[in-house]
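S.K.: Generate a structure from the sequence data that follows.
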Amino acid sequence: MNSKKVITAILLLFVSVLSFAQGGKKLDKIIKRDYQIIECTIAKISDKTVDYSLPGETLQIELEVSQIARIDFASGRSQTFAVTATTPTNNDSAAQVVVSAEMKPNTIAVLPIPYVNSGTLETSEEMAKFAQNDLYNKLLDKSANLFPLTVQDLRVTNSLLHKAGIDYKNIDETPIEDLQKILGVDNILAAKVSYTITEGSTASTYNSGSAKVSDNNKKVKTSDISTTNSSNLTYYNYMVYFDMYKNGTKIYSQTRKPFLNIKDSWMDSITYLLKRSPIYVKK
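M.R.: Take a look at the predicted model:
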């Protein structure tokens, strides 16, 4: 009877260890161009599609490569997917006619910056404008470090984009070559801010009290007071995408996760990436 109990206990222990190992398995991450993050297991990658399965499922889902910005594999390796521009045919009635502005050599323009909650896919026009304005001001402040480049006035940039029907919502759908013609610049800085919000709480306890000792040093009376304070915290988990183009060619592409999880920490990442870009010269 005892041997049966031992065998049963060993089997239960084996099952629990196996379940824990499966639950702790690292997953691949697909970062889509709309900033949605999919945690999954990659099964196959081809030139046009990626096949993956969700945690706990065997059904494979097919996703077009054109929708993917990057894949972070569980092994630690990352693979970035470039956008392949397609040339519209004469029968494509939706093809946009690009009106070229006068080209201004050695000029850089800052594009509208999508500011997207990757969990809900909600975008903020107010924050997109604020982020664009913040990066523009950073370039102006460091203009001496950007010579011989000149920063295009933000009003000119946004006015030309507005006339072409382009804003922060559809900026990624327009080829860089077309954007350079529309804006009349040979350099473009494109950034994106993706984030999720998580909630947490902290608790701290404070103890205070007094003690009385009798004359014979035997009886002790104490009076303790314990106070616990709790507070709710909001954590912002950012990922900043930073791309730079010159004459239609991407010359710099980096992503950075801020060290801190506070509301405006994405701004520190923008500054960090700008100072390490090829247009920035230390003086």
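S.K.: From A69, how far off is K104?
M.R.: 30 Å (Cβ to Cβ, to the nearest Å). Just so you know, the C-beta spots here come from the backbone N, C-alpha and C atoms, and that holds for glycine as well.
S.K.: between these two, who's got more neighbours?
M.R.: A69 (19 against 16; other Cβ atoms under 10 Å).
S.K.: can you pull the contacts of that one?
M.R.: Listed by Cβ atoms under 8 Å, 6 or more residues apart in numbering, the contact set of A69 reads 31-33, 80-81, 241.
S.K.: Same question for it, what's its three-state structure.
M.R.: Of the three states, A69 takes strand under DSSP: H, G, I helix; E, B strand; the rest coil.
S.K.: picking up where we left off before, which of the contacts of A69 sits closest to V281?
M.R.: Using Cβ to Cβ, Y241 comes nearest to V281 of the contacts of A69, at 23.2 Å.
S.K.: give me the number of residues near that closest one?
M.R.: 21.
S.K.: Quick check, pLDDT for the residue nearest to it when sequence neighbours are not counted.
M.R.: Once flanking residues are discounted, Y241 sits nearest to K192: 4.1 Å by Cβ to Cβ, 6 or more residues apart in numbering. Per-residue pLDDT puts K192 at 92.
S.K.: Work out for me the element K192 sits within.
M.R.: Element membership for K192, per DSSP states H and E: strand 185-213.
S.K.: what do you get for A109?
M.R.: Using DSSP H and E, A109 falls in strand 104-110.
S.K.: show me what contacts N106?
M.R.: Contacts of N106 (Cβ under 8 Å, 6+ apart): 148-150, 186-187.
S.K.: Report the beta-bridge partner residues of the closest residue to S143 other than its chain neighbours.
M.R.: Of all residues not flanking S143 in the chain, V151 sits nearest, at 6.5 Å (Cβ to Cβ, 6+ apart). Counting by DSSP bridges, V151 forms beta bridges with I108.
S.K.: what's the burial count for V151?
M.R.: 21.
S.K.: Quick check, pLDDT for the spatially most central residue of the chain.
M.R.: For the chain, the residue whose C-alpha lies nearest the mean C-alpha position (Cα atoms, centre = their mean) is M239; its distance is 2.3 Å. Here the pLDDT value assigned to M239 is 91.
S.K.: Is it located within a helix, as I assumed?
M.R.: No - under three-state DSSP, M239 falls outside any helix and is assigned strand.
S.K.: how close does L183 sit to Y241?
M.R.: For L183, the distance to Y241 equals 20 Å [Cβ to Cβ].
S.K.: so who does E62 touch?
M.R.: 49-51.
S.K.: what is the rounded mean pLDDT of the helix or strand containing it?
M.R.: In the assignment (DSSP H and E), E62 maps to strand 61-64. Mean per-residue pLDDT for strand 61-64: 91.
S.K.: which of the contacts of A69 lies closest to S124?
M.R.: Distances from S124 to the contacts of A69, taken by Cβ to Cβ, are shortest for Y241, at 16.2 Å.
S.K.: hey, what's the nearest residue to Q67 once chain neighbours are set aside bridged with?
M.R.: Excluding its sequence neighbours, the residue lying closest to Q67 (Cβ to Cβ, 6+ apart) is K32, at 5.4 Å. In this entry, K32 is beta-bridged to I68, by DSSP bridges.
S.K.: and what of N187?
M.R.: I108, K246.
S.K.: thought it was touching G248?
M.R.: No - counting by Cβ atoms under 8 Å, N187 sits too far from G248 to count as a contact (10.5 Å).
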